[in-house]
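[1] what's the 3D shape of this:
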Amino acid sequence: MRSETKSASGGNKKKKKTLSGIRSSGVIHIGNYLGALREWAENQDQFDNIYFLADLHAITTPIEPTELKKNIYESLAMYLACGLDPKKSIIFLQSQIPAHTQLAWILNTITYIGELERMTQYKDKIKNLKLKIKNLSNVGLFDYPVLMAADILLYQTDIVPVGEDQVQHVELARDLAKRFNNKFGPTFKIPEVKIKKEAARIMTLDDPTKKMSKTATSSNSYIALTDSPEIIRKKIARAVTDSGRDIKFDEKRPGLYNLLTIYQLLSEVRPPMIEKRFAGKGYGEFKKDLAELLIQKLAPIQEKYNTLIKDKKYLEQVLTEGKNKAQKIATKTLDEVKNKVGLI
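    Next up is the predicted model:
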């Protein structure tokens, strides 16, 4: 993959490298699209892009093997349907690059237990999962921020686009990179965090105090990118709002604010113009327009997805090509790390 582009002055300018991934569990929803996938596709000419299917992260919480395999192909097809181009970006399956887990183990030796115990996402997941599975606890769920650090540092990443809930994990990656560099000499690039503020936290439709999740227990809490027009209309109609009447962008009214945020991001119309458009109109009319906007925007994605998901041969070809490209970068970094810590 080319890592240089012509600058405005005519010289060669090296692109910054960006990396991100989505867990291969649950369904890809509108929050994933607005908070990540759309931006990834739009930025493909601006950066050196590395995007992966996080199947190793997916197994830190209970998932059936057949479901995981199915989700991997569905997630890849959706990546491509949303505009990711294998000719512009490296797209690969995390578990097919052994360097991820190898580097994670080495990073474990310089990670403090207290750092992992302070991870808020770990606390939240344990709390939520214990409601369903008595005494659930596994080392993978506790340790996955270190694997995430390995994901990032392996590729000498410049920029990591994440939601606000993942900033703490990128900060750990930065700390581990600095710690390793100080102890063994310059090795890792220190990554920067990039947050798309307005789309970083699309909330659930049935409880706007919680972030929209791929592993939600209720399908009414999200709009899946594969949802039919009929299902989208029903879910939006049932979405929580409040007892108010005016359609205004007000964070103190989280249900309405969440729906307005989705509308604004999809329509790319500024909030004052949206408020003017719906002045004097009720929630029912606004919800109807939002549902139709979702249907319209998702239609071309669904058309591409339905074609891609049937072409398993092509999907496997994309993974093979991505694996070969990612392996070269990851192996170079891992070999340097192993040499510096004294491994042969």
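[2] which intervals of the stretch 51-200 of the chain have sub-threshold pLDDT?
    For the stretch 51-200 of the chain, applying pLDDT under 70 flags the ranges 125-137, 196-200.
[3] now the host helix or strand of D289: mean pLDDT?
    In the assignment (DSSP states H and E), D289 maps to helix 283-308. The average pLDDT within helix 283-308 is 98.
[4] Figure out how far it is from the centre of its chain.
    21 Å (C-alpha atoms, centre = their mean, to the nearest Å).
[5] Please apply the same query to stretch 201-213.
    The chain centroid and the centroid of stretch 201-213 are separated by 15 Å under C-alpha atoms, centre = their mean.
[6] measure it end to end?
    10 Å (C-alpha to C-alpha, to the nearest Å).
[7] Quick check: buried residues in it?
    For stretch 201-213, the neighbour count (16 or more other C-beta atoms under 10 Å) marks R201, I202, M203, T204, L205, D206, P208, K211, M212, S213 as buried. Using the backbone N, CA and C atoms, a C-beta is placed for each residue, glycine as well.
[8] name the helices or strands packed onto the longest helix seen in the chain?
    Using DSSP state H, we find that the single longest helix of the chain is helix 312-341. On a contact count with 3 or more C-beta pairs under 8 Å, 6 or more residues apart in numbering; DSSP states H and E, helix 312-341 meets strand 48-54, helix 65-81, strand 89-93, helix 99-108, helix 167-184.
[9] Tell me which other helices or strands the helix or strand just after the first one touches.
    Using DSSP H and E, the helix or strand that follows strand 48-54 in sequence is helix 55-58. Packing partners of helix 55-58 (3+ C-beta pairs under 8 Å, 6+ apart): strand 17-23, helix 65-81, helix 139-153.
[10] if you set the cut-off to 7 Å instead, what comes out?
    If you count contacts as 3 or more C-beta pairs under 7 Å, 6 or more residues apart in numbering; DSSP states H and E, helix 55-58 packs onto helix 65-81, helix 139-153.
[11] on that earlier part again, for the longest helix of the chain, which positions count as buried?
    By neighbour count on 16+ other C-beta under 10 Å, the buried set for helix 312-341 is 315, 318-319, 322-323, 325-326, 329-330, 333-334, 337, 340.
[12] Which of the three states applies to A279?
    Three-state call for A279 (DSSP: H, G, I helix; E, B strand; the rest coil): coil.
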